[in-house]
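K.L.:
Sequence and predicted structure, then a few things I'm wondering about:
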Amino acid sequence: MEIQIVTGFLGAGKTTFLNRYLPLLSVKTVVIENEFGDIGIDGDRIQEDIPVREIFAGCICCSLAMDFRKGIKEIAENFHPDRILIEPSGVGRLTDIVKACQMAREREKVSLQITKLIAIVDMASFEEYIEGFGAFYQDQIERAGLLLLSHVEAENKAQKEIIIGRLKELNPDAILYDGDWRQLENEELLKLLEEAPDYDEDARRDAAFAALPADKVFSSVSFMDLPQMRIEDLEAIMKALEKEEYGYILRAKGWIETMEKGLVHFDFTPSVSKYREEKNPAGTGGEAVVIGCGLNQAALEMLFRRKNI
């Protein structure tokens, strides 16, 4: 059974990549979706005919390592897939996620081979994240075999070249596609993935950065049954998330029932805020997850319940 890992920091575009990649696969595939928050948002947005195993409320490389190992075993026994695609939460180190897969093989006696390690790099947030979260962020880049860029349009040509230069310094062995991978034809995307080097478990690697487990650095707050609101209220919420009084918000996402457009999916990172009309496959609305550092839960509760807009 083949394991491929699609990593990237919070909001980089991992689910977007999976929804483009999955329809191109001819082999039997299962997705493991790890949500750091208490509720799942992105799992319901994965292609409907693909089995998805969601693991909530932590990171599969630390607090949920046992759940992850047992999840791989259950998938192998119940679905017998040719391939498992893993989408980690985004705040864990790729090194630790690979180790968690290896532990599943050793402790749960699952026959698996780790092949492609794909990292999605958000160009708009690169400098802020590599400075603020070096150990977590840099590890994802250094361990990947394929680097794909998101939010390419957010940077001017000169800044883009600087970031690409930094990426090549961090990982000279990876294939780095410096264009917008979303514009690639299906055959071109598959060829790019095929050419990316497979993970070499026998290769000697430098010692990984010492870092606290992700759940000791980051935290999350989840909200259910949020009230219907106007679009301008949702826009005000996303704008307010930039303020320090709520903590350092790295990602917020969810579904909100609006008066003008019905159900919309919203997505916030420090560099990009957006919303769009989108059906929630789970059939629910009015829910959100906020991930970051030093979160002010009481203030966030008031914000999303529209008590201080």
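P.N.:
Sure thing, it's come through.
K.L.:
okay, CA-based contacts and neighbour counts for the rest of this
P.N.:
Fine.
K.L.:
This protein - how does it break down into domains?
P.N.:
2-195, 218-304 (automatic domain parsing).
K.L.:
Just send those back as a markdown table, with mean neighbour count, distance to Asp202 and mean pLDDT too.
P.N.:
Output for the domains of the chain, formatted as a markdown table (neighbours: other C-alpha atoms under 10 Å; distance: least, C-alpha to C-alpha, whole Å; pLDDT from 0 to 100):
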| stretch | mean neighbour count | distance to Asp202 | mean pLDDT |
| --- | --- | --- | --- |
| domain 2-195 | 18 | 12 | 85 |
| domain 218-304 | 18 | 32 | 87 |
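K.L.:
can you list the ones you listed in a markdown table and add distance to Ala203?
P.N.:
Putting the domains of the chain into a markdown table (distance: least, C-alpha to C-alpha, whole Å) gives the following:
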| stretch | distance to Ala203 |
| --- | --- |
| domain 2-195 | 12 |
| domain 218-304 | 31 |
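K.L.:
give me phi/psi at Lys70?
P.N.:
phi -70, psi -30 (degrees, to the nearest 10).
K.L.:
Contact partners for it?
P.N.:
Contacts for Lys70 were tallied using C-alpha atoms under 8 Å, 6 or more residues apart in numbering; they are 104, 108.
K.L.:
Look up how far Asn171 lies from it.
P.N.:
32 Å (C-alpha to C-alpha, to the nearest Å).
K.L.:
again with Glu131
P.N.:
Per C-alpha to C-alpha, Glu131 is found 17 Å from Asn171.
K.L.:
just the strands in the stretch 51-200 of the chain please.
P.N.:
Applying DSSP state E, counting those that start in this stretch to the stretch 51-200 of the chain gives strands spanning 52-55, 83-87, 113-122, 146-150, 175-177.
K.L.:
just how off-centre is stretch 79-94 within its chain?
P.N.:
Mean C-alpha position of stretch 79-94 versus that of the full chain (C-alpha atoms, centre = their mean, to the nearest Å) differs by 10 Å.
K.L.:
Cool, thanks, talk later.
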